[in-house]
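S.K.: sequence and predicted model, in that order:
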Amino acid sequence: MRLFPDVSAHVAAGPEGDGPGDGGDGGNGGGQIGIATRTRTKPKKPSQFKVLMLNDDYTPMEFVVMVLKGFFRMDMEQATQVMLHVHQRGVGVCGIYPYEIAETKVTQVMDFARQNQHPLQCTLEKA
Ligand code: TYC
C-alpha cells in the first residue's frame, strides 16, 4: 500500500519559459513556481467500502433477509446465511462498493428499517 498520494503533475516553466536570453531559471530564481502540465497516466481506483449490518434484539429475521435480498442482490440462501452470521456474531458484511454506492445502500436500508419501525443498523467501513 502506498503511503503518499501519487503526485504525477510536474512543475514546468511559467509563460516566460526558459527561452534564450531569459536567464535559464524560469524567472523565479530556481524556485518551484510553475504550471502543472503532465496528466495522470495511472488513474486511481476508487476506494472500496464495506457495508456492514449490525445485530439487534428486535428486528425480525425475515425483515433482515428481505433487506439483504432487496438491497444487496442476494438470493434466499445467501441472505439467510448472512442474516444468521450477523445474528450470531454481531456484525456482518452485506457487500463492498465504491463510496457513493455504499453510502446510498446504508441510507436506503436505514430509511426502510425506520419506515417499518425496526431498529436495524447499517454502517460503512473502508475495505
Ligand atoms: N437478532 C434478531 C432477532 O433475533 C435478528 C437480526 C439479525 C437482527 C440480523 C438484525 O442485522 C440483524 N430477531
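M.R.: All right, it came through fine. Remember, it's a predicted structure, so these values are computed and weren't measured experimentally. Numbering: from 1, shown residues only.

S.K.: got a list of what the closest residue to K69 other than its chain neighbours touches?
M.R.: For K69, ignoring the flanking residues on the chain, the nearest one in space by CB to CB, 6 or more residues apart in numbering is A79 at 4.8 Å. Backbone N, C-alpha and C define where each C-beta goes, glycine included. Residues near A79 by CB atoms under 8 Å, 6 or more residues apart in numbering: 64-66, 68-69, 72.

S.K.: send the alpha carbons of the strand or helix carrying L84 over as CSV?
M.R.: Here L84 sits within helix 76-89, counting by DSSP states H and E. In CSV, the C-alpha atoms belonging to helix 76-89 read as follows (Å, rounded to 0.1, in the frame of the first residue of the first chain):
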residue,chain,number,x,y,z
MET,A,76,-32.7,-16.6,-0.3
GLU,A,77,-29.8,-18.9,0.7
GLN,A,78,-27.2,-16.2,0.8
ALA,A,79,-29.4,-13.7,2.6
THR,A,80,-30.3,-16.3,5.3
GLN,A,81,-26.6,-17.2,5.8
VAL,A,82,-25.6,-13.5,6.2
MET,A,83,-28.5,-12.8,8.5
LEU,A,84,-27.6,-15.8,10.7
HIS,A,85,-24.0,-14.7,10.7
VAL,A,86,-25.0,-11.2,11.9
HIS,A,87,-27.4,-12.7,14.5
GLN,A,88,-24.7,-14.9,15.9
ARG,A,89,-21.6,-12.7,15.6
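
S.K.: I appreciate the help and will end here.
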